[in-house]
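Engineer: predicted coordinates and the sequence they were generated for:
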Amino acid sequence: MFSTNTLLVIAVAIGFYKAWNIGANDVANGMGTVVGAGTFTLRQAVLLASLFEFLGAFLVGSNVTDTILGGFI
């Protein structure tokens, strides 16, 4: 019914969507209090969270992968 490439594209799209939602939920826990207290504006919180989410994934993402491969599987 579906080709392998079509299934791959659908799986990647769903994976990105789920990762985006999980990340948004995690950021809301950390940034909700500072925005609510008026320390940061919503724009500042989104920009700061975007920067650090990217840096965390880029700089230490391989360490997380190594831990999962060596510690869980």
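Structural biologist: Nice, thanks for sending it over. Numbers count the residues shown, from 1 in each chain.

Engineer: grab the most central residue of this structure for me.
Structural biologist: In the chain, the centroid-proximal residue (Cα atoms, centre = their mean) is Gly23; its distance is 3.6 Å.

Engineer: for that one, give me its contacts.
Structural biologist: Glu53 (Cβ atoms under 8 Å, 6 or more residues apart in numbering). Just so you know, the C-beta spots here come from the backbone N, C-alpha and C atoms, and that holds for glycine as well.

Engineer: ok, now how distant is it from Leu51?
Structural biologist: To Leu51, Gly23 is 13 Å away according to Cβ to Cβ, to the nearest Å.

Engineer: ok, now Asp66?
Structural biologist: Taking Cβ to Cβ, one finds Asp66 at 24 Å from Leu51.

Engineer: go on, Met1?
Structural biologist: To Leu51, Met1 is 42 Å away according to Cβ to Cβ.

Engineer: comparing these two, which residue is more hemmed in?
Structural biologist: Neighbours were counted for Met1 and for Leu51 using other Cβ atoms under 10 Å; Leu51 has more, 10 against 4.

Engineer: which helix or strand contains that one?
Structural biologist: helix 42-71 (DSSP states H and E).

Engineer: quick check: buried residues in that helix?
Structural biologist: 45, 49 (16 or more other Cβ atoms under 10 Å).

Engineer: could you give me the average pLDDT of stretch 37-55?
Structural biologist: Averaging pLDDT along stretch 37-55 gives 90.

Engineer: start at 31, not 1
Structural biologist: Taking 31 as the first residue, the last one we looked at is stretch 67-85.

Engineer: contacting residues around it?
Structural biologist: For stretch 67-85, the surrounding residues in contact (Cβ under 8 Å, 6+ apart) are 53, 57, 60-61, 64-65.

Engineer: hmm, back to that, now the angle from the helix or strand the residue nearest to the centre of the chain falls within to helix 72-101?
Structural biologist: Counting by DSSP H and E, the element that carries Gly53 is helix 34-66. If you take axes from the mean of the first three to the mean of the last three Cα atoms, to 10 degrees, helix 34-66 sits at 130 degrees to helix 72-101.
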